[in-house]
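Visitor: Predicted coordinates and the sequence they were generated for:
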Amino acid sequence: MQKILLIEDESAIADTVIYALETEGFQARRYSLGREALAALQGGNQYSLLILDVGLPDSNGFDLCKQIRRFSEIPIIFLTARNEEIDRIVGLEIGADDYMSKPFSPRELAARVKVILKRTQSQAPTQSTSEFVIDEARATISYFGQTLNLTRYELLILKLLLQQPERVYSRQQIMDAVWSEPETSLERAVDTHIKTLRTKLKEINPEGEPIKTHRGLGYSISGRASES
Ligand code: CA
């Protein structure tokens, strides 16, 4: 049975998360303090994934994450209560695998835990070729050797998905990362850009369907990207 470590100081939230995880067949252990998390991880306990609240009584989840990353590659999902924290997580400077902003659905969190564990435990054997090549200087992406003719949003969405193939991004996460004023747009705008993006990818490779829809969760991409 896979063990999940939860660091959350609010008992009401922790209880619903533990219930959702156990319903999905996980074993969960919860602590309220950052130093307890460090001790648990350093103590040789075999946890498969860490769910980490950013605002803890004795520490900040970001600092804790940096400390943990010095000795562990454990997948980390942040729980965050503030929008300004999302900017740092989305910027991926932290080394987290995903985040949920409060209030969130514990069932969705449990679903994301499953997706991440599946991804990290079945890391695809490396292939020598990349379907996608990102040219930062020209702000273009090519697919099977052909440059895609993309709008700004399509380009940014595709780049985001390619940062972490197989990772599921919610519509809100895509908007947070790509839109300059996400609050003024509707989530279905993301669907519209994904749709046109798929059409353009299909023109080049009719057999491929690299962008996947995960019902109720969001989108992911499969395929490898390299930089030119
Ligand atoms: Ca908290």
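Guide: Cool, the structure landed.
Visitor: where along this structure do the strands fall?
Guide: Using DSSP state E, the strands of the chain run over 3-7, 27-31, 49-53, 76-80, 98-101, 132-135, 140-143, 146-147, 211-214, 218-221, 225-227.
Visitor: I'd assumed K114 was in contact with E24.
Guide: Yes: applying C-beta atoms under 8 Å, one finds E24 in contact with K114, separated by 6.4 Å. C-betas here are computed from N, CA, C, even on glycine.
Visitor: ok, back up a step: and of the strands of the chain, who's closest to the ion?
Guide: The minimum distance between the ion and those falls on strand 49-53, with 4.5 Å, by C-beta to the ion.
Visitor: Show me what counts as buried in the closest one.
Guide: Buried residues in strand 49-53, counted by 16 or more other C-beta atoms under 10 Å: L49, L50, I51, L52, D53.
Visitor: and the last one, what does it touch?
Guide: Contacts for D53 were tallied using C-beta atoms under 8 Å, 6 or more residues apart in numbering; they are I7, E8, D9, E10, I13, G61, F78, L79, T80.
Visitor: Mind giving me the PyMOL command for buried ones among those residues?
Guide: Per 16+ other C-beta under 10 Å, the buried members of these correspond to this PyMOL selection:
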select buried, resi 7+8+9+13+61+78+79+80
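Visitor: would TSV of the contacts of D53 with distance to S228 and pLDDT be doable?
Guide: Shown next, in TSV, are the contacts of D53 (distance: C-beta to C-beta, whole Å; pLDDT from 0 to 100):
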residue	distance to S228	pLDDT
I7	41	96
E8	43	96
D9	46	96
E10	47	96
I13	45	96
G61	36	88
F78	32	91
L79	37	93
T80	35	89
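Visitor: Which ones among the contacts of D53 also lie next to the ion?
Guide: Checking the contacts of D53 against the ion by C-beta under 5 Å from the ion, the ones in range are D9.
Visitor: Now the residue in the chain that the ion sits nearest to. Nearest residue, chain neighbours left out?
Guide: Residue of the chain nearest the ion, by C-beta to the ion: G55 (3.9 Å). Once flanking residues are discounted, G55 sits nearest to A81: 6.1 Å by C-beta to C-beta, 6 or more residues apart in numbering.
Visitor: ok, the one you found - how many residues close by?
Guide: 13 (other C-beta atoms under 10 Å).
Visitor: Got phi/psi on it?
Guide: When read as degrees, to the nearest 10, the backbone of A81 gives phi -110, psi -10.
Visitor: Assess the claim that it and V54 are in contact.
Guide: Yes: between A81 and V54 there is a contact at 7.1 Å, judged by C-beta under 8 Å.
Visitor: low-scoring stretches of the chain, by residue?
Guide: Within the chain, the ranges that satisfy pLDDT under 70 run 44-45, 84, 87-94, 122-129.
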